[in-house]
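S.K.: A structural model of the following input is requested.
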Amino acid sequence: MSGSAHKPVLLREALAALRIRPDGCYVDATFGRGGHSAAILEELGPTGRLIAIDRDDEAVAWGKRQYGNDPRFSIERGSFDQLAEIAREHDVTGRVDGLLLDLGVSSPQLDDAGRGFSFLRDGPLDMRMDRRQQETAANWIARASEPEIADVLRRLGEERHARRIARAICAARREAPIRTTGRLAEIIAAANPAWEEGKHPATRSFQAIRIHINRELEALETCLQQAIEVLTGDGRVAVISFHSLEDRIVKRFFRDAARGDRYPKGVPVPAEWIRPSLRLCGKAVSPSSRELERNPRARSARLRVAERVA
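M.R.: Residues are numbered from 1 along each chain as shown. Sure thing, here's the model as predicted:
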C-alpha cells in the first residue's frame, strides 16, 4: 500500500497539541507511513529536527525512501519502548519538544494479507510488527494452553466468550494446525455466540492476539516512563490510542504523573515536595464527524496530551 493511501488519524488535533516550533526537536515514535511525520516536517524550519521510530522494516524502508534526503529527518528501526536509548544515541535526551505515539496496527499492515493482521483477508497467521521477532501468532496458537489463550482473549480483547473460543481453537488445532487468518477467523466465528452489531465475531480475539504477540501494552507503559526522561521542560507527549486498555494506561499514567509524589493520607506536605512530572492538557479528544466520514477506521481513536513540568 502506498503512503498516499494512508490516512493519519487526528492529524490537525495532534499537531495543535504538539505546538510545533520551527527550530524544535520532535519524535514520531510510531512512524507507520509517515502521515504525522510529513505534517510535522512541513512546520519545521531548516534547523528543526524529527526523529522517527518504527519496528516494521517496511515502514523504515519507506521512510528512508521518502525523507532520507531531508537533513532534518532520521528514522530508526526499533520499538517505542526503546525511546530513551534512541534519544541518547541522537543526543536529544531532555531536549525533545514533542513526542507522538499513534498506537496499534497501521493501515498498510492491516491491508496486507501477508502480514496476517486481518480476519477479512486470508493470509499466513503472522501478526508480527517486527519480523525479526521469532514467535508468530500461528506459533503461539500452536503451543499455548487453553487457559492461556482464554486469559489473553479475556484480558487483552475484553472478549466475554473467551473460554468458549479458546476451547474451540484447541479442539481445531488437534485436527490440523491453524496457520491462516481465514481458518482462525472461521473457528472463532463458529464458537462465538454473540458479538457487537456491525463488527466481525473475531474482532476482539484478533485484537487480543496481536497485542499479546507484540507486547504492545508492556511497551506502552515503558515508553510513557521514558517520555518524562526525554522531554524538555514544557515539552509535550501526545498519544493516540484505539483500544480501551491502551487509553486506560495512558489516562492513569498521565493522572498519576500530574499528581506527583504520593504521601500517606493526612500527612501535611509542602507543595514543593509533591513534584509532579507532567501537567494535563485538556481532556481526551475524539475524531470529528467529518473525519469519521472520510476515515471510518478512526472511530475508536482518542488523543490524550500532557506537558512536562519544567
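S.K.: would you point out which residue is most central in the chain?
M.R.: Nearest residue to the geometric centre of the chain (CA atoms, centre = their mean): Leu103, 1.8 Å.
S.K.: if I look at that residue, how far off is Gly78?
M.R.: 16 Å (CB to CB, to the nearest Å). Just so you know, the C-beta spots here come from the backbone N, C-alpha and C atoms, and that holds for glycine as well.
S.K.: equivalent analysis for Arg115, please.
M.R.: Counting by CB to CB - Arg115 and Gly78 are separated by 19 Å.
S.K.: now Val27
M.R.: 12 Å.
S.K.: Arg115 and Gly78: who's more crowded?
M.R.: Arg115 (23 against 17; other CB atoms under 10 Å).
S.K.: shouldn't that one be in contact with Asp126?
M.R.: Yes - using CB atoms under 8 Å, Arg115 and Asp126 qualify as a contacting pair, with a distance of 5.9 Å.
S.K.: before we move on, back to that, so what sits against both of Val27 and Gly78?
M.R.: Ile53, Ile86 (CB atoms under 8 Å, 6 or more residues apart in numbering).
S.K.: parallel or antiparallel, list what pairs with whichever strand in the chain runs longest.
M.R.: Longest strand in the chain, counting residues (DSSP state E): strand 231-241. Here strand 231-241 is paired, per DSSP bridges, with strand 96-102 (parallel), strand 302-308 (antiparallel).
S.K.: alpha carbons of that strand, as CSV, please.
M.R.: Extracted in CSV, the C-alpha atoms of strand 231-241 (Å, rounded to 0.1, in the frame of the first residue of the first chain):
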residue,chain,number,x,y,z
LEU,A,231,11.2,15.6,27.1
THR,A,232,12.4,19.1,27.7
GLY,A,233,10.7,21.4,30.2
ASP,A,234,7.2,22.2,28.7
GLY,A,235,7.7,19.5,26.1
ARG,A,236,4.6,17.6,25.2
VAL,A,237,3.6,14.0,24.8
ALA,A,238,0.6,13.2,22.6
VAL,A,239,-0.8,9.7,22.5
ILE,A,240,-3.5,8.5,20.0
SER,A,241,-5.0,5.2,21.2
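S.K.: list the buried residues of it.
M.R.: Leu231, Thr232, Gly235, Arg236, Val237, Ala238, Val239, Ile240, Ser241 (16 or more other CB atoms under 10 Å).
S.K.: over to stretch 12-31?
M.R.: For stretch 12-31, using 16+ other CB under 10 Å, the buried residues are 13-15, 17-20, 24-31.
S.K.: for Glu197, which three-state class applies?
M.R.: Under DSSP: H, G, I helix; E, B strand; the rest coil, Glu197 falls in the coil class.
S.K.: and the pLDDT for it?
M.R.: What the model reports for Glu197 is a pLDDT of 87.
S.K.: ok, now Ile274?
M.R.: pLDDT at Ile274 comes out at 60.
S.K.: what helix or strand is the nearest residue to Gly182 once chain neighbours are set aside on?
M.R.: In space, and not counting its chain neighbours, Gly182 is closest to Asp122: 3.4 Å by CB to CB, 6 or more residues apart in numbering. Using DSSP states H and E, Asp122 falls within no helix or strand.
S.K.: hmm, Asp122 is touching Leu184, no?
M.R.: No - with contact defined as CB under 8 Å, Asp122 does not reach Leu184; the gap is 9.9 Å.
S.K.: where does pLDDT dip in the stretch 1-150 of the chain?
M.R.: 1-6 (pLDDT under 70).
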